[in-house]
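Colleague: Coordinates for the following, if possible.
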Amino acid sequence: MNRYIPELCNPQLLINIEERLRQAMLASNVSVLNELLAPEIIITSHLGELLEKQDDLAAHESGLIKINELKPSEQHIQIHREVAIVSVRMQISGSYNGSPANGDFRFTRVWAVSSRETWHIIAAHIGMVA
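Modeller: Numbering: from 1, shown residues only. Model (predicted):
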């Protein structure tokens, strides 16, 4: 693991980074998403599919996924030195492959301090809220 950097372990910093991620998802900003997603990220979609970083970036870049609205309603953050776990509930409005994709979802993300001493996501899970 990387060396412990106390100033990175600030919950407000994680809130700000989560907001940066939300804005990047809304805009399909592949450059920012590329920066925030670790090269080795493991993503489990709401359909149970296992995805990699390139899958997520390609979906945004190609327009396969379009997010019109991403409204958070709950957020829980736990920080454990160089690792943070974030659970956030989001109301999503958008489309996937041209079909409407709307609903209430919960995202769980595991953030870790990278070798560049910035936070990046190493694992993510998306589930539908019934």
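Colleague: next helix or strand past the longest helix seen in the chain?
Modeller: The longest helix of the chain (DSSP state H) is helix 11-27. Note on helix 11-27: by DSSP states H and E, the next helix or strand toward the C-terminus is helix 30-36.
Colleague: got the contact list for the following helix or strand past that next one?
Modeller: Next in sequence after helix 30-36, counting helices and strands by DSSP H and E, comes strand 37-44. Strand 37-44 is touched from outside by 50-53, 55-57, 112, 114, 120-126, with contacts defined as C-beta atoms under 8 Å, 6 or more residues apart in numbering. (Glycine included, C-beta is placed from N, CA and C.)
Colleague: Would you mark the buried spots in strand 37-44?
Modeller: 37, 38, 41, 43 (16 or more other C-beta atoms under 10 Å).
Colleague: Same question for stretch 114-124.
Modeller: Quick answer for stretch 114-124 (16+ other C-beta under 10 Å): 114, 119, 120, 121, 122, 123, 124.
Colleague: Run the chain-centre distance for the longest helix of the chain.
Modeller: 8 Å (C-alpha atoms, centre = their mean, to the nearest Å).
Colleague: Make 40 the starting number, not 1.
Modeller: Okay, using 40 as the starting number, the last item reads as helix 50-66.
Colleague: Other residues contacting that helix?
Modeller: 46, 68, 71-72, 75, 99, 106-109, 111, 114, 116, 118, 123, 125, 127, 129, 148, 150, 158, 160.
Colleague: Worst mean pLDDT across the helices and strands of the protein, which element?
Modeller: strand 138-139 (a mean of 89; mean pLDDT, DSSP states H and E).
Colleague: Just list what the next helix or strand after that one packs against, helices and strands only.
Modeller: The first helix or strand that comes after strand 138-139 along the chain, using DSSP H and E, is strand 142-152. The contact analysis (3 or more C-beta pairs under 8 Å, 6 or more residues apart in numbering; DSSP states H and E) places strand 142-152 against helix 50-66, strand 122-135, strand 158-167.
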